[in-house]
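K.L.:
here's a sequence, model it:
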Amino acid sequence: MPKINGNEIRPGNVLEHNGGLWAAVKVDHVKPGKGGAFAQVEMRNLRNGSKLNERFRSADKVERVRLEQRDMQFLFESEGLLTFMDAETFDQVTLPADILGERRPFLQDGMTIVVEFYESEALNATLPQKVTCTVVETEPVVKGQTAANSFKPAVLDNGVKVQVPPFVGPDEDIVVNTETMEYAERA
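P.N.:
Okay, the predicted model is just below:
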């Protein structure tokens with residue numbers, strides 16, 4: 001596995017640290033007035049979900065792990081576990097539902113997502129960046145409300161609340177960005 005310097009860590013990188021696999025969630029580069037610069041890294045353990053804050057100086061070397069990414073189809077959820085199937089080999093993999101966090105409601109039946117593997121162990125799942133949802137409930141259009149940055153609350157078919165432009169009405173399909181959980185465009 002390639003070793004990288006502490007100042008080369010980026011959010012999303014997977015590192016081998018203290019005998020575990022950690023995903024860098026947030027990275028802040030700090031240059032204090034006295035002493036050398038360092039990276040303050042917030043990491044999440046890919047196996048048990050625990051969090052850790054660690055400081056890496058630029059001279060520190062860390063193992064960067066490359067995860068194999070496979071497209072898999074979502075089949076079903078039972079007892080807090082999500083089951084996915086590889087479309088080519090028909091192998092099935094289960095992951096805990098909380099691995100998707102607050103993005104869990106955007107997972108739809110039959111959706112193809114990316115599952116990341118370390119050797120043969122499934123560790124992480126990533127939703128597509130954009131998902132189409134239907135607006136179930138929103139306020140009616142107010143005449144004259146055409147300001148550039150005006151948004152109104154809307155409830156989607158999966159129960160998630162997002163802010164939408166004033167021209168979007170009930171029963172309309174919209175595209176939502178799953179990374180920012182915001183309205184992207186009309187479908």
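
K.L.:
now do the worst-scoring helix or strand of the chain on mean pLDDT: which elements does it pack against?
P.N.:
Least confident helix or strand of the chain, by mean pLDDT, DSSP states H and E, is strand 121-126 with a mean of 85. Applying 3 or more Cβ pairs under 8 Å, 6 or more residues apart in numbering; DSSP states H and E, we find strand 121-126 packed against strand 81-86, strand 92-96, strand 112-118. Every residue, glycine included, has its C-beta placed from N, CA and C.

K.L.:
run the last query once more with 10 Å
P.N.:
strand 20-30, strand 68-78, strand 81-86, strand 92-96, strand 112-118 (3 or more Cβ pairs under 10 Å, 6 or more residues apart in numbering; DSSP states H and E).

K.L.:
who's in contact with it?
P.N.:
Contacts to strand 121-126, defined as Cβ atoms under 10 Å, 6 or more residues apart in numbering, come from residues 12, 14, 21, 23, 44-47, 65, 67, 69-70, 72, 74, 82, 84, 91, 93-97, 99-100, 103, 107, 113-118, 178-179.

K.L.:
can you rerun that using 7 Å?
P.N.:
21, 46, 67, 93, 95, 99, 100, 113, 114, 115, 116, 117 (Cβ atoms under 7 Å, 6 or more residues apart in numbering).

K.L.:
that older thread, turn the helices and strands packed on strand 121-126 into CSV, columns for mean pLDDT, mean neighbour count and distance to residue 54.
P.N.:
Converted to CSV, the helices and strands packed on strand 121-126 look like this (pLDDT from 0 to 100; neighbours: other Cβ atoms under 10 Å; distance: least, Cβ to Cβ, whole Å):
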stretch, mean pLDDT, mean neighbour count, distance to residue 54
strand 20-30, 89, 16, 8
strand 68-78, 92, 14, 25
strand 81-86, 93, 17, 29
strand 92-96, 90, 15, 24
strand 112-118, 91, 17, 20
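
K.L.:
compile the ones you listed into a markdown table and extend it with columns for distance to residue 61.
P.N.:
Compiled in a markdown table, these are given as follows (distance: least, Cβ to Cβ, whole Å):
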| stretch | distance to residue 61 |
| --- | --- |
| strand 20-30 | 15 |
| strand 68-78 | 23 |
| strand 81-86 | 34 |
| strand 92-96 | 31 |
| strand 112-118 | 20 |
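
K.L.:
returning to that earlier point: next structured bit after the least confident helix or strand of the chain?
P.N.:
strand 130-138 (DSSP states H and E).

K.L.:
list the buried residues for that following strand?
P.N.:
Within strand 130-138, the residues that qualify as buried are 131, 133, 135, 138, counting by 16 or more other Cβ atoms under 10 Å.

K.L.:
repeat for stretch 119-131
P.N.:
122, 123, 124, 125, 126, 127, 131.
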